[in-house]
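A.B. asks: Provide a 3D model corresponding to the input given below.
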Amino acid sequence: MRRSLMHRPASMGRPGWWCEFAAYPMAGGGSDRATLRAKAADTPEQALVWMRLAVRVLLSAFDPEDSERAYRWLDHGQWEAVMRLRAGEPYVFVASSGDTRVEWSARPVLFLSLTRTDDGPPCPCPRP
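C.D. replies: Predicted coordinates:
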């Protein structure tokens, strides 16, 4: 029996990268995580651009050794990040500012399309 193309299941979603900026207080073991910002990216390069811009914003507030490491990463460390993201691996950049640890991360996800009830276009929904 021949199947019609109309009965073919639709794609479950599109690949992308989920980016987050989080802060952890060092007091109390650093287990209280606060996600401060999140962003969806369509490519590893877009994820890395977001991470680089966000790191530059806080660069002057980092502890001295993390500040130096961040400068090195901004100069040439992002290539490792792009290669990991392209390979489907997560990537995290961590620095400290006083008694707070800050973390930028990007990980591959599958964005699922959800149907809106107001007949608008579907909205993306990340799934790890």
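A.B. asks: longest strand in the chain, by residue count?
C.D. replies: Taking DSSP state E as the criterion, the chain has its longest strand at strand 100-114.
A.B. asks: Now that strand: buried residues?
C.D. replies: Burial within strand 100-114, assessed by neighbour count using 16 or more other Cβ atoms under 10 Å, is assigned to 101-109, 111. Bear in mind the C-beta positions are built from the backbone N, C-alpha and C, glycine included.
A.B. asks: Including distance to Y91, could the residues you listed go into a markdown table?
C.D. replies: As requested, the buried residues of strand 100-114 are exported to a markdown table (distance: Cβ to Cβ, whole Å):
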| residue | distance to Y91 |
| --- | --- |
| R101 | 17 |
| V102 | 15 |
| E103 | 11 |
| W104 | 9 |
| S105 | 7 |
| A106 | 5 |
| R107 | 8 |
| P108 | 10 |
| V109 | 13 |
| F111 | 18 |
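A.B. asks: now for this structure, which residue lies nearest the mean position of the chain?
C.D. replies: For the chain, the residue nearest the mean C-alpha position is C19 (1.6 Å; Cα atoms, centre = their mean).
A.B. asks: what about that one, is that helix, strand or coil?
C.D. replies: Classification of C19 using DSSP: H, G, I helix; E, B strand; the rest coil returns strand.
A.B. asks: ok, it - contacts?
C.D. replies: For C19, the contact set (Cβ atoms under 8 Å, 6 or more residues apart in numbering) comprises 38-41, 47, 50-51, 104-106.
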